[in-house]
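Visitor: A structural model of the following input is requested.
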Amino acid sequence: MVNHIQDTSTLDKATAYRIHRTARILRVHLNKTFHKLGLEISMEQWFILFRLYERAGQSQSDLADKDLNDHPNITRMIDALEKRTLVKRDADPEDRRRHLISLTEEGQALMEKMMPVIVEVRQQVFAGISQHDIDVMVATLDKIEANVASTM
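Guide: As a prediction, the model looks like this:
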């Protein structure tokens, strides 16, 4: 059995590289799915739309990945989504220096249309993998993320 942590004979056996490669493949797959549907948005923009679909009225800071600290990118992505009339900025009634981001009616309609498609795509991606194996994978990824976060 190969020890994927200690084996340095080839990059292809490195677990972190395999996770990275799989993440890249998933990114390309999702982008191709969006393109086929005529939806010209990036995966990151999709994540913002999804977060706003989960909970409206979030600040840009709320939407930024806390670990990756990607505030400048969030601003650019929100600007692009606002130009496409998928999101809107409203002044925060508690702090007028801040804006709260929400889906527009058009953005909400897009999300409602896309959610069944996303579920179908997830079913394709995880076809043939048992619920138990998915649960173990999610728990393992959570542990890896926590281990890495504790070193940052």
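Visitor: neighbours of residue 58, how many?
Guide: 17 (other CB atoms under 10 Å). Heads up, the C-betas are built off the backbone N, CA and C, glycines and all.
Visitor: that one reaches residue 101, doesn't it?
Guide: Yes: with contact defined as CB atoms under 8 Å, residue 58 counts as touching residue 101 (5.6 Å).
Visitor: how about the strands in this structure?
Guide: 58-59, 87-92, 95-103 (DSSP state E).
Visitor: of those strands, which approaches residue 8 most closely?
Guide: For residue 8, the closest of the strands of the chain is strand 58-59, at 42.7 Å, according to CB to CB.
Visitor: and the contacts of that closest one?
Guide: 51-52, 92, 98-102 (CB atoms under 8 Å, 6 or more residues apart in numbering).
Visitor: ok, residue 27 - contacts?
Guide: Contacts of residue 27 by CB under 8 Å, 6+ apart are residue 43.
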